[in-house]
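**Q** Dropping the sequence and predicted coords here.
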Amino acid sequence: QVQLVESGGGLVQTGGSLRLSCAASGGTFSRYTMAWFRQAPGREREFVAGITRTFGTRYSDSVKGRFTISRDNAKNTMYLQMNTLQPDDTAVYYCTAVLTIAIMTSPNMYDYWGQGTQVTVSS
């Protein structure tokens with residue numbers, strides 16, 4: 001059983017930056033494909049970015065060029081560097097993991113989830 005804990009959320013002005021972290025425990029972190037999803041009030045949970053165990057990455061069109069996903073297998077931690085933040089990025093951000101080699105964009109394909117961290121971008 002994998003446990004995931006997100007941190008790093010907060011309130012930032014438009015154009016600002018934040019770095020989210022996801023600390024994993026209880027499993028062999030390096031074997032998992034990891035991803036970030038987000039959910040705004042009244043909206044469905046949506047894919048943001050994913051990273052495979054071989055460090056392949058994938059981004060949603062809405063964040064490509066602004067967000068960077070990375071992982072440090074020695075620290076069992078995944079990161080999401082978010083730059084040029086916009087009010088539309090406001091959401092709860094979730095860390096998730098699945099024991100597979102591909103990055104899926106449907107939340108239904110992931111097995112483990114963190115509790116989420118709130119990101120609020122003020123205009």
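**A** Received it, and whenever you're ready, just let me know what you need.
**Q** ok, and the closest non-adjacent residue to the residue nearest to the spatial centre of the chain?
**A** In the chain, the C-alpha closest to the average C-alpha coordinate belongs to residue 36, at a distance of 2.2 Å (Cα atoms, centre = their mean). Nearest non-adjacent residue to residue 36, counting by Cβ to Cβ, 6 or more residues apart in numbering: residue 48, 4.3 Å away. (C-beta placed from N, C-alpha, C; glycine too.)
**Q** Can you give me the neighbour number for residue 14?
**A** 12 (other Cβ atoms under 10 Å).
**Q** quick one: the nearest residue to it once chain neighbours are set aside and residue 89, what's the gap?
**A** In space, and not counting its chain neighbours, residue 14 is closest to residue 123: 5.4 Å by Cβ to Cβ, 6+ apart. Using Cβ to Cβ, to the nearest Å, one obtains 11 Å as the distance from residue 123 to residue 89.
**Q** for residue 72, same thing?
**A** Residue 72 is 24 Å from residue 89, by Cβ to Cβ.
**Q** Low-confidence regions, the protein specifically.
**A** Scanning the chain for pLDDT under 70 picks out nothing.
**Q** Residue 51 pairs with what?
**A** Beta-bridge partners for residue 51, by DSSP bridges, are residue 34, residue 57.
**Q** So it sits against residue 68, correct?
**A** No: taking Cβ atoms under 8 Å as the definition, residue 51 is not a contact partner of residue 68, at 9.9 Å.
**Q** Between the two, point out the one with more neighbours.
**A** residue 51 (22 against 16).
**Q** contacting residues around the more buried one?
**A** Residues near residue 51 by Cβ atoms under 8 Å, 6 or more residues apart in numbering: 33, 34, 35, 57, 58, 69, 70, 71, 78, 103.
**Q** which residue sits closest to residue 29, ignoring its sequence neighbours?
**A** Residue 29's closest residue in space is residue 76 (Cβ to Cβ, 6+ apart), at 4.2 Å.
**Q** Report the separation between the one you found and residue 98.
**A** 16 Å.
**Q** do residue 44 as well
**A** Distance from residue 44 to residue 98, by Cβ to Cβ: 19 Å.
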